[in-house]
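Enquirer: I'd like to go over a predicted model; first the sequence, then the structure.
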Number of protein chains: 2
Amino acid sequence: MEPAAAVKAGNVKVTFLPKETSTRVPAGTTLFHAAAWTGQPIESTCGGRGTCGKCRVQVIEGSAPVGPADLQHLAQEDIACGWRLSCQLEVRDEMVVQVPRLLSTPKTAMFGVGRQVLLDPNVHKVHLHLAEPTLHDQRPDLLRLREALRQEGFAMRADLAVVRTLPKALRDAGFEVTAVLCGEDLVAVEPGDTTGACFGIAFDLGTTTIVGTLMDLNSGEARGVVSTLNAQAIHGGDVLSRISHTMGKKEGLHEMQHFAAFTINGLIERLTSESGVPPEQIYEITVAGNLTMMHLLLGIDPEPIAVTPFAPAVAHGMDLRARDIGITIHPEGRAFLFPAIGAYVGGDIVAGLLATALPRGNKLRLFVDVGTNGEIALGSEPRTLATAAPAGPAFEGAEISCGMRATTGAIEGVQITENTVVLQTIDDAPPAGLCGSGLIDAVAQLYRRGLMDATGRMRSAEELAGRIPGSLASRLVGVEGVRAFVLATEEETGGRRILFSQKDVRQLQFAKGSIASGIRILMKEMGVTPDDLQEVLLAGAFGSYIHPDAARMIGLVPAVPLSRIRAVGNAAGEGAKIALLSYREREAAEVMPSRVEYIELSGRADFNDIFMGVLGFPPLDSLP
Amino acid sequence: MEPAAAVKAGNVKVTFLPKETSTRVPAGTTLFHAAAWTGQPIESTCGGRGTCGKCRVQVIEGSAPVGPADLQHLAQEDIACGWRLSCQLEVRDEMVVQVPRLLSTPKTAMFGVGRQVLLDPNVHKVHLHLAEPTLHDQRPDLLRLREALRQEGFAMRADLAVVRTLPKALRDAGFEVTAVLCGEDLVAVEPGDTTGACFGIAFDLGTTTIVGTLMDLNSGEARGVVSTLNAQAIHGGDVLSRISHTMGKKEGLHEMQHFAAFTINGLIERLTSESGVPPEQIYEITVAGNLTMMHLLLGIDPEPIAVTPFAPAVAHGMDLRARDIGITIHPEGRAFLFPAIGAYVGGDIVAGLLATALPRGNKLRLFVDVGTNGEIALGSEPRTLATAAPAGPAFEGAEISCGMRATTGAIEGVQITENTVVLQTIDDAPPAGLCGSGLIDAVAQLYRRGLMDATGRMRSAEELAGRIPGSLASRLVGVEGVRAFVLATEEETGGRRILFSQKDVRQLQFAKGSIASGIRILMKEMGVTPDDLQEVLLAGAFGSYIHPDAARMIGLVPAVPLSRIRAVGNAAGEGAKIALLSYREREAAEVMPSRVEYIELSGRADFNDIFMGVLGFPPLDSLP
């Protein structure tokens, strides 16, 4: 959506010593923010606002004009040696800077895909002994508080609602208070020292499922995880049905907003009652979700997302009062919503890219989140591309004759041995149907065992006569003139037999073909081959269940060695936690849409050719 | 409240050519804002945000580092000749700059005390033809709008409430819209070209009376003026009784906030129905009132204002959504509330100082607003002092035996001729009592005619026997052992006679003595004598009715030639209008508390001596 490519053209290289990490950033980016992007930690308490004076670095190469904050915080001789506040110095031309070692070893925690995250939340609690007013010091309460915070290195702004609480809060507490800041926003003034209690919740707001994790912002530890179905689901399983509900009746949008907030509030209630942490000590939430979920949560009409040319109302990261979207934490608590890269590459993917650090790493990696839409990103620090490919509902078991959702009895694994079929079902219940991962397995196994050719055509028992045992041959049947494979007989299910038909194979081929096309197009744009891919990351709940060899065998992912394919679990949820625990990481998320080039597949002249080319399956002997 | 004196110490001189206007500003102030303070107009459409590139000036003396916006907007050869964007260049050391002539003659209007104000409101309407989205331009609506506004030189931020309206607003209007900005805040996106209709209301929020003026922001003309009593008055006439109501019962503050908004909304209804301008075309209001009125309107506990050491919750200027304080204009319209200089030198005085430009002018002037409190300012461009002196209710006719409010029948003028008394009453009705201006006249006339000595002691008929005609002597009476003067006999009133007693004179002496002490103390701090005062400005409704000679005769104002005493009317209301019509003037109001030194009278060791010295009246022959 942002013309990232155009921005890129003007980017400037910055190298941080002694680690020699480097990145290219748009001219005008501060050194501090460039460092946050690379993950290079720089000392700071104010978060890059020029107030704490701690983020000094030494400029080795590149222009470095002296700013007013430098004069205020640095000694003349240091300035003469090239020391500057990194949060004030904007990158204009190629730069090399030396970053001093951190004064103390910061708290860190492991999140996402092996990411060591500096514990440095956006929420700050600052304990203050304010001077009491006298006739010689009649400063207004707000100014008194602001100046005390400035002394501690924090900038502050306050909404009317918080100012209203000030006179009583300060006087009742004898002017000894704890100020709670979310970024620069003053959210509370609490009596005494309350720095010990500071919490936030990270939400993965999925179309189907919503997961919330209560985080202790002092320790970085999770204090509870809960999940539930999105209450919006009564109006349809996918984003398009949700959007059409807002179009169908006048109050539809309002209702959808309410359902989203209602579900989230339910999770908050469970987290607070189970942990004993009161809602008033939860000062911030982060929310990662696709762009439709974001629009619905914000109460913004999502209709333009559903129709070409897919220009949404808003796609940047949002920082707003949680209660403005009906969410019940501290009354003045904040909500951060992840930005989106495109109409169908939303905040969940940005969070996933944050958790994997794909656009900031050295390795060339492919990220695939398989669902109704396949969201794909490809790249590394110098350049990252992203796109979305519509896959339809096949991977969710819909429009598959024996398909079902991934619940009890769903076949999630299929193995066709020499002479029989071994099924793995959810909860080890008798098989009831195929869910997405079972579907992929089934096709891969049929293909591997030669029961299907590389075009996806099922072979008949006659065609295979003598080449397979009778126990398998008997499973190749015809139903109303359509070929099918008996995954489970009546004896095996204890009820109806489960048939997997030629039609089902075609549905899967369309779904995986669309995603594979998206991958191909990104690889073509980037000019790389499967050999160049150092890692293929399968994200999302579904990604955790897919068998990598099956995914590769059906051509859903490129033909790379199996060791390079990795399930990364709920990367969106991990990204939401990371953004809660580190404002530097959050800033990396906020600029991500400008650092990742969005490729629109609709209307591409080469799409159909590429799609036809990947509908079939790769030659079995081609897999490394 | 702000340590203005300390700030002053670091101030730096800036001179603007060719007019050679100059000012001293705190280091770090931009040239653009320094120019706004002096009233020097500089071309600009973005209001000093670095986006329009029009505010170029040529630096003749002083350091002028080149900033990124300079590189973007100015040619290299111009930069080499010292041209810079004045809104980006912060004053660090003494500077002389050349300001180019304005490209076109700007609209101006006369306001306040002969002030020619540049018509440049904070509200901007920008008519835009946006590019419609395509598959090659999928920018989100908000970004699309922001970039179009940036092209026109405007920066923009948008609240969730406005973003919610965007998808429909843009699409219904075929992407031809008018964006309404208050400063950087996007308040509306209207279909087509609505630039012709743009209104605001300036409020003078008095403790007693609220006045609203509907202004056409395109022409600068008033479209209507209405006033009414402040509904809060049922809980007392002065600020202290209003404050004690908020302390008396739990819902008192809420009620006071409601009354303030209710009264203002009533005026808005009258203005809109009388003018035919719908409330949706009113995008902004400005409100000038004392600090207690501001706290009550904001719903902030004012109690600390009433008790020593008088440290309020907040005193800076506020820019907020009108509906957040219950005021009904455009749903997203803004309200600007004037800052205060001290707990009892409020936004009404800041507005008055804006209207008179006292702290920004060349002449040494004294500003006095007489009421329950006397607010006093003294100074000119290099230095201005302000204070508040508690006068009690005498000037409002309270605690005076024959006192009354300034309504029908109140004596507003008194003249004691050779042998009789000539009264001037409101509406020429039969005299019913004395209001403030009549009170001052009465005392002055008694003193001038020798019926009272310079200590305020009334003389008896016996004492004056033979020196005054019997017609006057008969008016000197004694009532229960207290001397009194018959202002109006029973025949003259057609009812009770109106007596003005020795006790009343004492009440007036205490009231005027307090204000005169405040004036003395400011003059002492400034090191000036009455001869140095080039003008004495009497402000407020009351100030318009006082006879300058009487005020001088009783020693309420210093003994300056009468020609130097000037009533300036409702200066607060004028200031509110000016702030509505010119954001540059508004900025001058916002920085005024940091440019005016507040002098606290409570607890001053010299107050009592000075007070005793001014209780009496100046020798008649001493008046110039």
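Expert: Happy to help now that I have it.

Enquirer: return the residues in contact with the closest residue to chain B within the stretch 451-600 of chain A.
Expert: In the stretch 451-600 of chain A, the residue that lies nearest chain B is A:Glu600 (5.6 Å; CB to the nearest CB). All C-beta atoms are positioned from the backbone trio N, CA, C, and that covers glycine. For A:Glu600, the contacting residues are A:Phe310, A:Gly342, A:Thr387, B:Leu135, B:His136, B:Gln138, by CB atoms under 8 Å, 6 or more residues apart in numbering or on different chains.

Enquirer: out of these, flag the one nearest to A:Ala36.
Expert: Among those, A:Gly342 lies closest to A:Ala36 (CB to CB), at 23.5 Å.

Enquirer: the closest one contacts A:Leu385, correct?
Expert: No: counting by CB atoms under 8 Å, A:Gly342 stays clear of A:Leu385, with 11.0 Å between them.

Enquirer: residue ranges with poor pLDDT in chain A?
Expert: Judged by pLDDT under 70, chain A has its weakly predicted residues at A:1-10.

Enquirer: quote the end-to-end distance of stretch A:319-329.
Expert: Taking CA to CA, to the nearest Å, the first and last residues of stretch A:319-329 lie 15 Å apart.

Enquirer: and if you look at stretch A:108-120?
Expert: Its first and final residues considered, stretch A:108-120 spans 9 Å by CA to CA.

Enquirer: hmm, who's touching it?
Expert: Here stretch A:108-120 makes contact (CB under 8 Å, 6+ apart) with A:41, A:44, A:106-107, A:219-221, A:354-357, A:537, A:566, A:568, A:571, A:574-575, A:577-578, A:581-585.

Enquirer: of those residues, grab the buried ones for ChimeraX.
Expert: Burial among the contacts of stretch A:108-120 is assessed by 16 or more other CB atoms under 10 Å in any protein chain shown; the matching ChimeraX selection reads:
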select /A:41,44,220,354,355,356,357,537,566,568,571,574,575,577,578,581,582,583,584,585
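
Enquirer: in strands, which of the contacts of stretch A:108-120 appear?
Expert: The members of those that map onto strands under DSSP state E are A:Leu537, A:Arg566, A:Val568.

Enquirer: pretty sure A:Leu556 is touching A:Gly518, no?
Expert: No: using CB under 8 Å, A:Leu556 makes no contact with A:Gly518, being 10.9 Å away.

Enquirer: can you redo the contacts of A:Glu600 as TSV with neighbour count, distance to B:Val226 and secondary structure?
Expert: Listed next are the contacts of A:Glu600 as TSV, based on neighbours: other CB atoms under 10 Å in any protein chain shown; distance: CB to CB, whole Å; DSSP: H, G, I helix; E, B strand; the rest coil:
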residue	neighbour count	distance to B:Val226	secondary structure
A:Phe310	19	50	coil
A:Gly342	25	53	strand
A:Thr387	26	60	strand
B:Leu135	14	54	coil
B:His136	9	54	coil
B:Gln138	23	49	coil
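
Enquirer: of the residues you listed, which pair is most distant in space?
Expert: Farthest apart among those by CB to CB are A:Thr387 and B:His136. That separation is 14.7 Å.

Enquirer: name the nearest residue to the residue nearest the centre of chain A, ignoring sequence neighbours.
Expert: Most central in chain A under CA atoms, centre = their mean is A:Ala351, positioned 2.2 Å from the mean C-alpha point. Excluding the flanking residues, the one nearest A:Ala351 by CB to CB, 6 or more residues apart in numbering or on different chains is A:Gly575, at 2.7 Å.

Enquirer: and for A:Thr207?
Expert: Sequence neighbours aside, A:Val239 is the residue nearest to A:Thr207 in space, at 5.7 Å (criterion: CB to CB, 6+ apart).

Enquirer: kindly report the same for A:Glu152.
Expert: Spatial nearest neighbour of A:Glu152, excluding adjacent residues (CB to CB, 6+ apart): A:Val126 at 5.5 Å.

Enquirer: may I have the beta-bridge partners of that neighbour?
Expert: Listed beta-bridge partners, A:Val126: A:Ala179 (assigned using DSSP bridges).

Enquirer: now do the contacts for it.
Expert: Contact analysis of A:Val126 by CB under 8 Å, 6+ apart lists A:Leu149, A:Glu152, A:Phe154, A:Thr178, A:Ala179, A:Leu181, A:Thr195.

Enquirer: between the residues you listed, which is nearest B:Ser244?
Expert: Closest approach between those and B:Ser244, by CB to CB: A:Ala179, at 30.2 Å.

Enquirer: run a quick neighbour tally on the closest one.
Expert: The number of residues packed near A:Ala179 is 26, by other CB atoms under 10 Å in any protein chain shown.

Enquirer: go ahead and confirm it touches A:Leu145.
Expert: Yes: in this structure, A:Ala179 is within contact of A:Leu145 by CB under 8 Å, at 6.4 Å.

Enquirer: wait, what's in contact with the most far-flung residue of chain A relative to its centre?
Expert: In chain A, counting by CA atoms, centre = their mean, A:Leu135 sits farthest out from the average C-alpha position, at 54.1 Å. A:Leu135 makes contact with B:Thr308, B:Pro309, B:Phe310, B:Glu600, B:Ser602, B:Gly603, according to CB under 8 Å, 6+ apart.

Enquirer: how about A:Cys198?
Expert: A:Cys198 touches A:Pro121, A:Val123, A:Lys125, A:Val180, A:Asp216, A:Leu217, A:Asn218, A:Gln281, A:Tyr283, counting by CB under 8 Å, 6+ apart.

Enquirer: and for A:Gly403?
Expert: Applying CB under 8 Å, 6+ apart, the residues near A:Gly403 are A:Ala394, A:Glu396, A:Gly397, A:Gly433, A:Leu434, A:Cys435, A:Leu439, A:Asp504.

Enquirer: burial measure for the residue nearest to it when sequence neighbours are not counted, as a count.
Expert: Distance criterion CB to CB, 6+ apart; nearest residue to A:Gly403, sequence neighbours excluded, is A:Gly397 at 3.4 Å. Look at A:Gly397: counted by other CB under 10 Å, it has 21 neighbours.

Enquirer: wait, isn't A:Gly397 in contact with A:Ile440?
Expert: No: counting by CB under 8 Å, A:Gly397 stays clear of A:Ile440, with 11.4 Å between them.

Enquirer: now do the shared contacts for those two.
Expert: Common neighbours of A:Gly397 and A:Ile440 (CB under 8 Å, 6+ apart) do not exist.

Enquirer: from chain B, how far off is A:Gly326?
Expert: Separation of A:Gly326 from chain B (CB to the nearest CB, to the nearest Å): 12 Å.

Enquirer: that residue contacts A:Thr263, correct?
Expert: No: applying CB under 8 Å as the test, A:Gly326 and A:Thr263 come out as separate, 11.0 Å apart.
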